[in-house]
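> Next comes the sequence, and after it the predicted model I'd like to discuss.
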Amino acid sequence: MPGATLSRWTPSYFAAAVLFLLAAEVLMTLGIGYPAAALQAPETLIVVHFITIGWLSLLMCGALFQFVPVLVAKPIYSNRLPLPALLLILAGLAPLTGSFLQLGGYHSSEPHCFIVASVLLGSGFSLVLWNLGRTLWDARPLTLPARFVTVGLFCVAATVTFGIVFLLAFGGFVTVPFLLDLKAQGVPLHVIAGLGGWLTFTAMGVSHRLLAMFMLSPELDGPATRWTFYLGTLSLALVIAAGTAAIGIGYGLDFALAAACVTGLACLALYGRDVLQLYRKRVRRVIELNSRMASIALINLAAAILLAIACAILGILERHIGALVFLFTFGWLTGLGLAKLYKIAAFVTWLECYGPVLGKTPTPRVQDLVVEPRAIKWFWFYFAAVAIGTLCLLAEASLPFRVAAAAMTVATAGIAFELLRTRRLVNVSDALRLPAGARRPRLFFTFVPG
Amino acid sequence: MTDFVELDVRPTLRAGGEPFGQIMETINSLKPDQGLRLFATFKPAPLFHVLGAQGFTHQEKELGGGEWQVDFIRSGPATHASPPVNDGKGGEWPDPIQEMDNRELDPPEPMVRILAATEKMANGEVLAALLCREPIFLFPELAKRGHAWRGGFEPDGKTYRVLIRVGAAKGKAKGAGA
């Protein structure tokens, strides 16, 4: 059938993702990981992977299962595979945490942890890639936003591959010198492929379409937007391919990373121009929470980049890399994720519940499922806490940082509670909530007929 | 004095055909100073909306025997380009009884309005709607309700025109979009 149906397991991905975000914020509040511990300390790695796999990757996967079919106007290859993929990834996070604890000397050496984590996470992400990859493959030639997503998927494949090499090397299962070199020097490649390629580049492609859709702006597909894509792809290829090759021939990463930095900044500058156009040329003057809060996330992205440039010029980049990655992860990626989640949750819940009876009986509008004035307070609180948290990290003030992390936790819980109310239709007036023929949405999955 | 290009769709209509594509093709081929003189077996009221949106005014004249001559003259800039119908299989469709411009509505309002309109229409009737993007989530709903559709982007690449024939896919397998 042409068109897109609802993604069955996307609500489960979103629920698991939000729980991991809360868990990571609680860990930060408790003072576990950076800044109390070093950036590459095992405790920090646990928090980082709760955020990057548990929260951001699950959020992105759940969103893509729903959104790739919209981008390519074709149904998803399989509406069933996302469940085993989710279970594998969730199961993989336990031995991954166990592996990091082992590195920290918290429990005795159990090398099988490293293998089990590699197998579970590797197969979980492979299922995600197979499902989304087949959907995209069947939809060639791809539109520009879909091409962004495709490059993002190549990057998650690279990120997971690097991660597995590191795990197996830590566990002592790797003896090949090249792979040992990769483990020793390849962390920047793993981080950039993950945060820059998989999460940011995919978010850029998706945001092009989502911002245009929700603000009624013209779609961007001009030459400048194509250059955003080409330069970004070149930058990521330089990091992943040239970076790996440079380690292989013992050349060091400096040249590959410098070249990637130049093309990456050019890509981001063009993206900034794209986004300004989307906001300026919008038909819709009064915009909803999701577009307003996305703009704050975009400002955080710009701030993180400018701050990084300033630190590099002053020669203090290495000292403040933790603060910069924090701002990038929580101000930009998490901020954008929460903003778009707020809209997507309402939209898919509305479509699931009221789609079958539209036109036949009075139904609420999508906006009747949310109470934006109440939710936006939590979003402002969240962004303020992130800003303060960033300043604390720049000032190397550990204890105030934990207060900021506590505030982030409270704000996230507030947003999560609003999402729950949306899903349960609590905000809809009694008269309209469940007309005859409408089905109350389940919390963790979507009813998809057929 | 406007120079008219004549188009007689009476033979097509008498043969049970759908002349919409032919008319839009002629409209697209008009030079800026040319108008269209159309001959039809009925007063083509739905066309007045479609061409009106493209900046055409019209003057109609009854010829007797139920036949009409309508002169379309370009009087202003087009507000949207011509809609090529994605004319797949499924035979000829009647003219739309309703034209809807949903291009400036927030999602999912276009879908809500289209489904509400189709609920009020009789089987076999056709609804035309202009949208600012392909209505991805609408198609499965149309399929579930047994409606058939044809759609495509106009040459500007920005306006999507969808024609929906109510009840036309009932009894067929799910997803009988043309």
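Received the coordinates, thanks.
> what's the neighbour count on A:Ser291?
When neighbours are defined as other C-beta atoms under 10 Å in any protein chain shown, A:Ser291 has 22 of them. Every residue, glycine included, has its C-beta placed from N, CA and C.
> what's the answer for A:Pro373, then?
8.
> Look up phi and psi at A:Ala395.
When quoted as degrees, to the nearest 10, the phi and psi of A:Ala395 stand at phi -90, psi 0.
> How many residues are close by A:Pro11?
24.
> any bit of the helix or strand harbouring it sitting next to chain B?
If you go by DSSP states H and E, A:Pro11 is part of helix A:10-29. No. Applying C-beta under 8 Å from any C-beta of the partner chain, one finds helix A:10-29 separated from chain B by no less than 14.0 Å.
> residues contacting the residue nearest to the spatial centre of chain A?
For chain A, the residue sitting closest to the mean C-alpha position, by C-alpha atoms, centre = their mean, is A:Leu56 at 3.4 Å. By C-beta atoms under 8 Å, 6 or more residues apart in numbering or on different chains, the residues touching A:Leu56 are A:17, A:199, A:329, A:333-334, A:337.
> For the helix holding A:Pro11, list every residue counted as buried.
A:10-18, A:20-29 (16 or more other C-beta atoms under 10 Å in any protein chain shown).
> same deal with stretch A:294-305?
For stretch A:294-305, using 16+ other C-beta under 10 Å, the buried residues are A:294-298, A:300-305.
> again with stretch A:303-317
Buried residues in stretch A:303-317 (16+ other C-beta under 10 Å): A:303-305, A:307-308, A:311.
> Relative to A:Ala146, which of those is nearest.
The shortest approach to A:Ala146 among the buried residues of stretch A:303-317 belongs to A:Ile305, at 25.5 Å (C-beta to C-beta).
> How about that closest one: what's its closest non-neighbour residue?
Nearest residue to A:Ile305 in three dimensions, chain neighbours excluded: A:Leu268, at 6.1 Å (C-beta to C-beta, 6 or more residues apart in numbering or on different chains).
> For chain A, give me its nearest residue in chain B.
Nearest residue of chain B to chain A (C-beta to the nearest C-beta) works out as B:Phe139 at 3.0 Å.
> That residue and B:Thr159: what is the separation?
18 Å (C-beta to C-beta, to the nearest Å).
> Neighbour count: these two, which is higher?
When neighbours are counted by other C-beta under 10 Å, B:Phe139 and B:Thr159 differ, and B:Phe139 comes out ahead with 24 against 21.
> Looks to me like the more buried one is in a strand.
No. B:Phe139 is assigned helix when assessed by DSSP: H, G, I helix; E, B strand; the rest coil, not a strand.
> Local confidence estimate at residue 153?
This is for chain A. Listed pLDDT for A:Leu153 reads 98.
> Oops, wrong one, chain B.
Looking at B:Phe153, its pLDDT is 83.
> Ok, the one 3 residues further on next?
We have a pLDDT of 75 for B:Asp156.
> Assign it to helix, strand or coil.
Of the three states, B:Asp156 takes coil under three-state DSSP.
> Show me what the worst-scoring helix or strand of chain B on mean pLDDT is packed up against.
Every helix and strand in chain B was compared by mean pLDDT, DSSP states H and E; the lowest is helix B:45-52, with a mean of 72. Helices and strands touching helix B:45-52, by 3 or more C-beta pairs under 8 Å, 6 or more residues apart in numbering or on different chains; DSSP states H and E, are strand B:56-64, strand B:98-101.
> Among these, show the one with the smallest mean pLDDT.
Among these, strand B:56-64 scores lowest, at a mean of 84.
> Show me where the chain dips below the pLDDT cut-off.
Just going to use chain A. Scanning chain A for pLDDT under 70 picks out A:1-3, A:449-450.
> You answered for a different chain; I wanted chain B.
Applying pLDDT under 70 to chain B flags the ranges B:1, B:46, B:49, B:53, B:76-91, B:170-178.
> Please parse it into its domains.
With domains defined by automatic domain parsing, chain B comprises B:3-74, B:80-178.
> Off-centre distance for the last one?
By that I understand domain B:80-178. 10 Å (C-alpha atoms, centre = their mean, to the nearest Å).
> go on, the first one?
How far domain B:3-74 lies from its chain's middle: 13 Å, per C-alpha atoms, centre = their mean.
> from the buried residues of stretch A:294-305, which single one is nearest B:Trp68?
Nearest to B:Trp68 among the buried residues of stretch A:294-305, with distances taken as C-beta to C-beta, is A:Ala294, at 52.8 Å.
> Tell me which helix or strand the closest one sits in.
Element membership of A:Ala294 [criterion: DSSP H and E] is helix A:289-314.
> For that helix, name the packing helices and strands.
Contacts defined by 3+ C-beta pairs under 8 Å, 6+ apart place helix A:289-314 against helix A:202-215, helix A:254-280, helix A:321-326, helix A:335-354, helix A:372-394.
> buried sites along the second one?
Within helix A:254-280, the residues that qualify as buried by neighbour count (16+ other C-beta under 10 Å) are A:256-257, A:259-261, A:263-264, A:266-268, A:270-271, A:274-275, A:277-279.
> Check stretch A:40-60 too.
For stretch A:40-60, burial by neighbour count (16+ other C-beta under 10 Å) applies to A:41-60.
> Alpha carbons of that stretch, as PDB, please.
Listed next in PDB are the C-alpha coordinates belonging to stretch A:40-60 (Å, rounded to 0.1, in the frame of the first residue of the first chain):
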ATOM      1  CA  GLN A  40      37.400   8.200  29.900                       C
ATOM      2  CA  ALA A  41      36.800   6.700  33.300                       C
ATOM      3  CA  PRO A  42      34.600   3.600  33.300                       C
ATOM      4  CA  GLU A  43      31.900   5.400  35.400                       C
ATOM      5  CA  THR A  44      31.700   8.200  32.800                       C
ATOM      6  CA  LEU A  45      31.500   5.600  30.000                       C
ATOM      7  CA  ILE A  46      28.400   4.100  31.700                       C
ATOM      8  CA  VAL A  47      26.700   7.400  31.900                       C
ATOM      9  CA  VAL A  48      27.700   8.300  28.300                       C
ATOM     10  CA  HIS A  49      26.400   5.000  26.900                       C
ATOM     11  CA  PHE A  50      23.100   5.300  28.800                       C
ATOM     12  CA  ILE A  51      22.700   8.700  27.000                       C
ATOM     13  CA  THR A  52      24.000   7.700  23.600                       C
ATOM     14  CA  ILE A  53      22.600   4.200  23.200                       C
ATOM     15  CA  GLY A  54      19.800   4.100  25.800                       C
ATOM     16  CA  TRP A  55      18.400   7.500  25.200                       C
ATOM     17  CA  LEU A  56      19.500   9.100  21.900                       C
ATOM     18  CA  SER A  57      19.900   6.000  19.800                       C
ATOM     19  CA  LEU A  58      16.600   4.400  20.900                       C
ATOM     20  CA  LEU A  59      14.800   7.700  20.400                       C
ATOM     21  CA  MET A  60      16.300   8.000  17.000                       C
END
